[in-house]
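Novice: Fold the following for me, if possible:
(2 chains)
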Amino acid sequence: DTGVSQDPRHKITKRGQNVTFRCDPISEHNRLYWYRQTLGQGPEFLTYFQNEAQLEKSRLLSDRFSAERPKGSFSTLEIQRTEQGDSAMYLCASSQESQRNIQYFGAGTRLSVL
Amino acid sequence: KQEVTQIPAALSVPEGENLVLNCSFTDSAIYNLQWFRQDPGKGLTSLLLIQSSQREQTSGRLNASLDKSSGRSTLYIAASQPGDSATYLCAVKGGSYIPTFGRGTSLIVHP
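Specialist: Predicted coordinates for the structure are as follows:
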C-alpha cells in the first residue's frame, strides 16, 4: 500500500446516529490531517496529529466530533448525533515531518445524513 | 486570516487549447503554494508545489508560477486534453502546517 487509505468510501446514515471513519496514513508519515469538504467548496481543516498527539483543532470541530490516533498509526474520526449539515466529504491526509510541505490525500469518505 | 480566491470558477474549452487558471491570496507571508487536481467524488492529487522562494515549477504540460508580493499564482495547462477535465484547487500554507484552500476551478475539456 503506497497511499492514504480511507474507509468507508461512502456512508449513509440517519440523523441522530453516530458514525466513525477510519484513515490509514502512508507508512512512516507521522503527521495526519482531517478535512471536511462540502459541495463546491475547497477542503476545510478540522484537526491534525503529530504521532499520537492531537496538536490543533479547528473551530469547525464541534463537541460532537472527536478524533483519535492511538499509537500514532491509523486515525478515526467520530461524529455523534449526526445532523444533516454534517453531510460532506471527509478527507484525510498525511505527511512526513522531514517533508512536511507535502500532504498526500486519501480518496475521502462521503457522508450523507438523511 | 488568509483568504484564497480562484478565478474562474468554471471553464469549458475545446481540446488543444492552452489555458490559465488563477489563484490569489490575501496574506503574502506564505510558506508555499500547492496546486491540486480533484476528480468528481475523489480525493486530491498534488500537481505542483512552489516554495515561497521559488517563482515557478513545471511538470509535463503544467506550469505554475508564483508572485508572492502581489499574492498571485497561475497554473498554465498547455495543449489541454479531455483527460484534464477535473477541479483544480489552489492551497496556500502560512506559518502553520495548515493550508488554506480556494474553492477551485472546474475545468471541462471537450473533444
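Novice: interface residues of chain A facing chain B?
Specialist: A:4, A:6, A:31, A:33, A:40-45, A:48, A:56, A:89, A:91, A:93, A:95, A:100-108, A:110 (C-beta under 8 Å from any C-beta of the partner chain). The C-beta positions use only the backbone N, C-alpha and C, and glycine is treated the same way.
Novice: Find the nearest non-adjacent residue to the residue of chain A found nearest chain B, please.
Specialist: Here chain A gets closest to chain B at one residue, residue A:42, 3.0 Å apart by C-beta to the nearest C-beta. The spatial neighbour of residue A:42 that comes closest, neighbours along the chain excluded (C-beta to C-beta, 6 or more residues apart in numbering or on different chains), is residue B:101 at 3.0 Å.
Novice: How much space separates that neighbour from residue A:36?
Specialist: The spacing between residue B:101 and residue A:36, counted by C-beta to C-beta, to the nearest Å, is 11 Å.
Novice: which residues do these two both contact?
Specialist: Where contact means C-beta atoms under 8 Å, 6 or more residues apart in numbering or on different chains, the residues bridging residue B:101 and residue A:36 through contact with each are A:43, A:44.
Novice: Name every strand pairing with the one helix or strand residue B:58 maps to and say which way it goes.
Specialist: Applying DSSP states H and E as the criterion places residue B:58 in strand B:56-59. Partner strands for strand B:56-59, per DSSP bridges, with pairing direction: strand B:62-67 (antiparallel).
Novice: For the strand it pairs with, list every residue counted as buried.
Specialist: Taking 16 or more other C-beta atoms under 10 Å in any protein chain shown as the neighbour-count basis, strand B:62-67 is seen to contain the buried residues B:62, B:63, B:64, B:65, B:66.
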